[in-house]
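Asker: sequence and computational prediction follow.
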Amino acid sequence: MKFKANYLLFASAFFFVSCSDSLEQIIEEPVNEAIYPPVESNPANTNYPPAFAGQTRANGVKTSTPFTNAVITSSLNSPWGITALPDGRLLVTQKGGTMRIVTNTGSVGNPITGIPSVNSNGQGGLLGVCIDPQFSSNRMIYWVFSENVAGGTVTSVAKGTLSSSEAAIQNPTVIYRANPSSSAGNLHYGGRILFDPTGNLMISVGERSDLSTRPLAQSVTAAIGKIIRITKDGNPAPGNPAFSQSGALPELYSIGHRNPQGIALHPVTGELWQGEHGPRGGDEINRVLPGKNYGWPTITYGIEYSGAVIGSGIQQQSGMEQPVYYWDPVISPSGMIFYRGNNIPEWQNNLFVGALSGQHIVRLVIKDNKVMGEERLLENEGQRFRDIVQGTDNALYAITDGGRLYKIQRQ
């Protein structure tokens with residue numbers, strides 16, 4: 001409990017400018033909005049009842065402030081992660097293994113060299129990225145990637161220094177590997193990374209999809225299917241929760257995740273929120289508390305892609321957390337960000353999530369840790385939205401699998 005108390009005290013004192021966040025005036029209560037029918041009208045894959053009202057298919061909302069969305073470049077190659085640099089430019093990872101710096105007007109720099117080799121098969125590649133809180137002085141970058149190792153591939157974390165010429169990563173070092181490795185397939189790496197308010201790294205790790213690895217999401221002796229929390233050097237972070245089971249890894253923060261491709265810090269509480277892919281139905285948004293079990297694969301609101309039930313076909317079990325929100329059918333949630341700016345006041349503290357199969361950007365209005373409204377943005381663009389970040393100019397920037405970078409701002 002000491003960690004949790006210190007964490008919240010620190011977060012309430014000020015809000016850390018993390019890997020994908022910029023800071024402006026914070027308003028704790030969302031703006032009152034007109035209510036519309038739920039945005040999802042397609043039939044669900046299951047008849048599973050939600051655990052509470054508003055857990056799925058919340059009322060619809062619509063942004064009243066006029067805003068624009070412009071494609072500022074379409075020349076990126078399978079971009080996966082994006083973060084804002086202090087000078088307003090954007091650092092983007094590309095799945096194949098390169099990074100690029102892009103100006104907020106869309107000028108794309110040359111590929112940055114020196115990055116260790118990635119396995120880009122399937123869902124693997126060069127994934128999430130963030131910069132050191134002291135980047136202006138130390139130029140340190142941290143990233144997640146799928147790495148070839150003995151026995152298959154793993155989700156790995158590396159760091160390195162951006163050269164003064166911005167042409168290369170110097171002294172790249174792998175600081176953490178989420179064991180065990182798997183040769184069963186190249187899926188479910190997770191792959192997001194950010195700094196928490198205490199200056200430690202939080203990383204989302206997938207359970208690698210295969211039926212042989214899936215149960216390890218519940219095992220505290222394996223790092224897959226987890227949120228992990230480590231220092232800048234890759235060691236378990238001080239104050240991590242202690243799991244009671246024998247042999248528990250000290251880097252674990254939460255367990256029971258499937259394929260978490262989005263994490264973000266709540267701008268008011270400082271708590272970690274997370275989005276993860278379900279199977280056929282059951283995409284989730286979770287409020288992640290230290291030491292908690294989020295259920296996969298024991299409980300889920302989804303079914304197998306074949307249509308079969310998963311496990312015992314249950315959605316609730318004592319000792320396992322409920323998602324704050326879930327989708328059925330899926331939208332495939334990827335990168336996400338809480339909006340902290342004042343460019344569009346009604347968006348303050350709202351959660352924005354890139355949807356891959358859904359091909360839109362989700363806007364969730366949240367109050368008292370419950371979703372009060374949902375909106376779909378840019379759904380006519382026909383793009384798989386992979387990640388989203390708030391720039392230093394308070395605009396939102398979103399990348400798509402098709403290579404586009406959108407700038408979204410007040411008209």
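Answerer: Sure thing, it's come through.
Asker: give the buried residues for stretch 225-243.
Answerer: Across stretch 225-243, burial judged by 16 or more other CB atoms under 10 Å covers 225-232, 234, 236-237, 239-241, 243. Any C-beta I mention is one placed from the backbone N, CA and C, and that applies to glycine too.
Asker: my bad, stretch 122-131
Answerer: Quick answer for stretch 122-131 (16+ other CB under 10 Å): Gln123, Gly124, Gly125, Leu126, Leu127, Gly128, Val129, Cys130, Ile131.
Asker: which one among those residues gets closest to Leu265?
Answerer: Cys130 (11.6 Å; CB to CB).
Asker: okay, Gln383: pLDDT?
Answerer: pLDDT, Gln383: 98.
Asker: can you tell me which residues contact Tyr189?
Answerer: Gln123, Gly124, Leu127, Val144, Ser146, Thr153, Thr155, Val205, Gly206, Arg208, Asn259 (CB atoms under 8 Å, 6 or more residues apart in numbering).
Asker: if you set the cut-off to 10 Å instead, what comes out?
Answerer: 119, 122-125, 127-128, 144-147, 153-156, 178, 182, 204-209, 224, 259-261 (CB atoms under 10 Å, 6 or more residues apart in numbering).
Asker: also Pro49?
Answerer: So Pro49 contacts Gln55, Thr56, Tyr301, Gln315, Gln316 (CB under 10 Å, 6+ apart).
Asker: in ChimeraX, how would I select just the buried ones from these?
Answerer: To isolate the buried members of the contacts of Pro49 in ChimeraX, using 16+ other CB under 10 Å:
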select :55,56,301,315
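Asker: could you find which two of the contacts of Pro49 are furthest from each other?
Answerer: Maximum distance among the contacts of Pro49 (CB to CB): 14.0 Å, for Thr56 and Gln316.
Asker: mutual contacts of these two, please.
Answerer: What both Thr56 and Gln316 touch, as defined by CB under 10 Å, 6+ apart, is the set Tyr48, Pro49.
Asker: ok, back up a step: in strands, which of the buried residues of stretch 122-131 fall?
Answerer: Judged by DSSP state E, the buried residues of stretch 122-131 include Leu126, Leu127, Gly128, Val129, Cys130, Ile131 as members of strands.
Asker: which strand residues bridge the first one?
Answerer: Per DSSP bridges, residues listed as beta-bridge partners of Leu126: Phe145.
Asker: who touches it in this structure?
Answerer: Applying CB under 10 Å, 6+ apart, the residues contacting Leu126 are 78-81, 92-99, 115-118, 120, 143-146, 158, 191.
Asker: mind checking how far it is from Tyr189?
Answerer: Noted for Leu126: a distance of 11 Å to Tyr189, by CB to CB, to the nearest Å.
Asker: now the residue lying closest to Pro79 once chain neighbours are set aside: which helix or strand?
Answerer: Sequence neighbours aside, Ile399 is the residue nearest to Pro79 in space, at 4.0 Å (criterion: CB to CB, 6 or more residues apart in numbering). Ile399 belongs to strand 396-400 when assigned by DSSP states H and E.
Asker: elements contacting that strand?
Answerer: With contacts taken as 3 or more CB pairs under 10 Å, 6 or more residues apart in numbering; DSSP states H and E, strand 396-400 sits against strand 67-73, strand 79-84, strand 90-94, strand 333-338, strand 351-355, strand 385-390, strand 405-410.
Asker: what pairs with it, parallel or antiparallel?
Answerer: Here strand 396-400 is paired, per DSSP bridges, with strand 385-390 (antiparallel), strand 405-410 (antiparallel).
Asker: just say which of these is most tucked in.
Answerer: strand 385-390 (a mean of 26; mean count of other CB atoms under 10 Å).
Asker: ok and that one relative to strand 90-94, angle-wise?
Answerer: 160 degrees (axes from the mean of the first three to the mean of the last three CA atoms, to 10 degrees).
Asker: now the closest residue to Glu40 other than its chain neighbours, what's its secondary structure?
Answerer: The shortest distance from Glu40 to any non-neighbouring residue, by CB to CB, 6+ apart, is to Arg57 (5.5 Å). Under DSSP: H, G, I helix; E, B strand; the rest coil, Arg57 falls in the coil class.
Asker: hmm, Arg57 is touching Pro43, no?
Answerer: No - shown here, Arg57 and Pro43 do not form a contact pair, counting by CB atoms under 10 Å, at 11.4 Å.
Asker: centroid residue for the protein?
Answerer: Gly262 (1.3 Å; CA atoms, centre = their mean).
Asker: report pLDDT for that one.
Answerer: 98.
Asker: what's the answer for Ala184, then?
Answerer: 89.
Asker: for Tyr397, same thing?
Answerer: 98.
Asker: now do the same contact list for it.
Answerer: 20, 72, 82-84, 90, 92, 102, 104, 337, 387-391, 405-409.
Asker: how about 7 Å then?
Answerer: Contact analysis of Tyr397 by CB atoms under 7 Å, 6 or more residues apart in numbering lists Ile82, Leu90, Ile388, Val389, Gly391, Leu405, Tyr406, Lys407.
Asker: so in terms of bridging, what pairs with it?
Answerer: The partner residues for Tyr397, given DSSP bridges, come to Val389, Lys407.
Asker: for the helix or strand containing Ser136, what does the pLDDT average out to?
Answerer: Under the criterion of DSSP H and E, Ser136 resides in helix 135-138. The average pLDDT for helix 135-138 rounds to 98.
Asker: for stretch 88-103, same thing?
Answerer: 98.
Asker: distance from it to the middle of the chain?
Answerer: From the chain centre to the centre of stretch 88-103 is a distance of 17 Å (CA atoms, centre = their mean, to the nearest Å).
Asker: with just CA atoms, put it into PDB.
Answerer: Listed next in PDB are the C-alpha coordinates belonging to stretch 88-103 (Å, rounded to 0.1, in the frame of the first residue of the first chain):
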ATOM      1  CA  GLY A  88       7.100  20.000 -31.300                       C
ATOM      2  CA  ARG A  89       8.300  17.500 -33.900                       C
ATOM      3  CA  LEU A  90       7.200  13.900 -33.800                       C
ATOM      4  CA  LEU A  91       9.200  10.700 -33.500                       C
ATOM      5  CA  VAL A  92       7.600   7.800 -35.300                       C
ATOM      6  CA  THR A  93       8.600   4.100 -35.300                       C
ATOM      7  CA  GLN A  94       8.000   2.000 -38.400                       C
ATOM      8  CA  LYS A  95       7.100  -1.600 -38.100                       C
ATOM      9  CA  GLY A  96       9.900  -2.800 -40.300                       C
ATOM     10  CA  GLY A  97      12.600  -1.500 -37.900                       C
ATOM     11  CA  THR A  98      13.200   2.200 -38.600                       C
ATOM     12  CA  MET A  99      12.400   5.500 -36.900                       C
ATOM     13  CA  ARG A 100      11.600   8.800 -38.600                       C
ATOM     14  CA  ILE A 101      11.300  12.400 -37.300                       C
ATOM     15  CA  VAL A 102       8.300  14.300 -38.700                       C
ATOM     16  CA  THR A 103       7.600  18.000 -38.400                       C
END
